[in-house]
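Participant: coords below, sequence missing:
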Ligand SMILES: Nc1ncnc2c1ncn2[C@@H]1O[C@H](COP(=O)(O)OP(=O)(O)O)[C@@H](O)[C@H]1O
Ligand code: SF4
Ligand SMILES: [Mg+2]
């Protein structure tokens, strides 16, 4: 009997709650009033695929400008996708009309990097949260005021703060208010877009701990966006590394940190400081040359070739596909096998590529 239950739970939790396939978001730049200047396409997201199981966290990591927020906003349909599929709880939402999307948003909410910008300064905290309840016609048979108090307690705030306005709170408290507002509609999936990047380092761990506790208590599924691999290490189940609109490597967390295969992943990993000073001193780093190229004019072939220390002529011509190379690990590099001995792991010698 016990086994039957376990099997049932396992199969249920293995079904993806959020699944995107070949997701593209191309922004059209420039206006051609008189049919003159041709419009340019900025390929902010250019064919991203991943799936996240119930109660799991996928970390989505990459430098500023690589398209992470656009992935999040397109999943929430704040932008219409140019192409591709978005499935939430087995429902295809990529082409839903705004009215139908309103119902889906009950399952799918977003937490933003700057909680202050996303909270109306004129409204009290109680109003901000009860407005979220009203938009979705919630809750049934329970007064908004008591639900607001419940939500504030849930995120570790004293319910008496319901009468105050956002400016009276610290950054960390504002982020808690943003989380309470997102949770008001009892979502299943939270897209967390760099929720701690704007906070003091001393506050960051508290917000991370809160998000982890809420995930455990409420069974939430997270897409957690960050710009470095350090932040997502401790609580992601899988990690996807993004570069110029595409995923270059995606793997189970332990695999990615123990055996990174893409040169970009290795470079990002070698940028994380190691606490042990002896190890830190002995490390050799893959240093990235130059800036992130513009997505208006991305490099041909492998998009990373202008900054990759291992690039060859083949890299400049042929796009490497994202392929499964080990259980739970996919990488987009022509030379992942050859470079496997050349690791970017901390505490192991790696190529010094600074020229
Ligand atoms: N609304 C928009 N219109 C045009 N370009 C945009 C828009 N939003 C983002 N971009 C561009 O898309 C690219 C990816 O941006 P973004 O998703 O914000 O990256 P990240 O969150 O990784 O920093 C950038 O080049 C950015 O300038
Ligand atoms: S395909 Fe070539 S340029 Fe791209 S990451 Fe691999 S070695 Fe570097
Ligand atoms: Mg962003």
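Facilitator: Nice, thanks for sending it over. As the structure is a prediction and not an experimental result, all values here were calculated from the model. Residues are numbered from 1 along each chain as shown. Ligands and ions are numbered 1, 2, ... in the order given.

Participant: For ligand 2, what's its nearest residue on the stretch 1-150 of the chain.
Facilitator: Here the residue of the stretch 1-150 of the chain nearest ligand 2 is residue 62; by Cβ to the nearest ligand atom that distance is 14.0 Å. C-beta: built from backbone N, CA, C; applies to glycine.

Participant: where does that residue fall, phi/psi-wise?
Facilitator: phi 170, psi 160 (degrees, to the nearest 10).

Participant: Kindly report the same for residue 252.
Facilitator: Dihedral angles (degrees, to the nearest 10) for residue 252: phi -60, psi 150.

Participant: neighbours of residue 276, just the number please.
Facilitator: Residue 276 has 12 neighbours, counted by other Cβ atoms under 10 Å.

Participant: Distance of the residue of the stretch 1-150 of the chain closest to ligand 2 relative to residue 243?
Facilitator: As judged by Cβ to Cβ, to the nearest Å, residue 62 and residue 243 stand 6 Å apart.

Participant: Need the nearest residue in space to the residue of the stretch 1-150 of the chain closest to ligand 2, chain neighbours excluded.
Facilitator: Leaving aside its sequence neighbours, residue 62 sits nearest to residue 242 (Cβ to Cβ, 6 or more residues apart in numbering; 3.6 Å).

Participant: What residues does residue 173 make contact with?
Facilitator: By Cβ atoms under 8 Å, 6 or more residues apart in numbering, the contact set of residue 173 is 157, 161.

Participant: circling back to that earlier point, tell me which residues of the host helix or strand of the residue nearest to residue 62 are tucked away?
Facilitator: Here residue 242, judged by DSSP states H and E, is contained in strand 238-243. Buried positions in strand 238-243, judged by neighbour count with 16 or more other Cβ atoms under 10 Å: 238-243.

Participant: Mind putting these into TSV with distance to residue 19 and pLDDT?
Facilitator: Putting the buried residues of strand 238-243 into TSV (distance: Cβ to Cβ, whole Å; pLDDT from 0 to 100) gives the following:
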residue	distance to residue 19	pLDDT
238	13	98
239	17	98
240	13	98
241	19	98
242	17	98
243	22	97
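
Participant: For residue 307, state which of those is nearest.
Facilitator: Proximity of the buried residues of strand 238-243 to residue 307 (Cβ to Cβ) peaks at residue 243, which lies at 9.0 Å.

Participant: May I have the beta-bridge partners of that closest one?
Facilitator: Using DSSP bridges, the bridge partners assigned to residue 243 are residue 246.

Participant: That one reaches residue 305, doesn't it?
Facilitator: No. Counting by Cβ atoms under 8 Å, residue 243 does not reach residue 305; the two are 10.9 Å apart.

Participant: what about the longest helix along the chain, distance to the chain center?
Facilitator: Longest helix of the chain, by residue count under DSSP state H: helix 201-218. The chain centroid and the centroid of helix 201-218 are separated by 16 Å, computed with Cα atoms, centre = their mean, to the nearest Å.

Participant: go on, stretch 315-333?
Facilitator: In terms of Cα atoms, centre = their mean, the centre of stretch 315-333 is set 21 Å apart from its chain centre.

Participant: Between the two ends of stretch 229-240, how far is it?
Facilitator: 10 Å (Cα to Cα, to the nearest Å).

Participant: Point me to the residue sitting closest to the centre of the chain.
Facilitator: Centroid-nearest residue in the chain, with Cα atoms, centre = their mean: residue 225, separated by 2.6 Å.

Participant: Right, I'll call it a day here.
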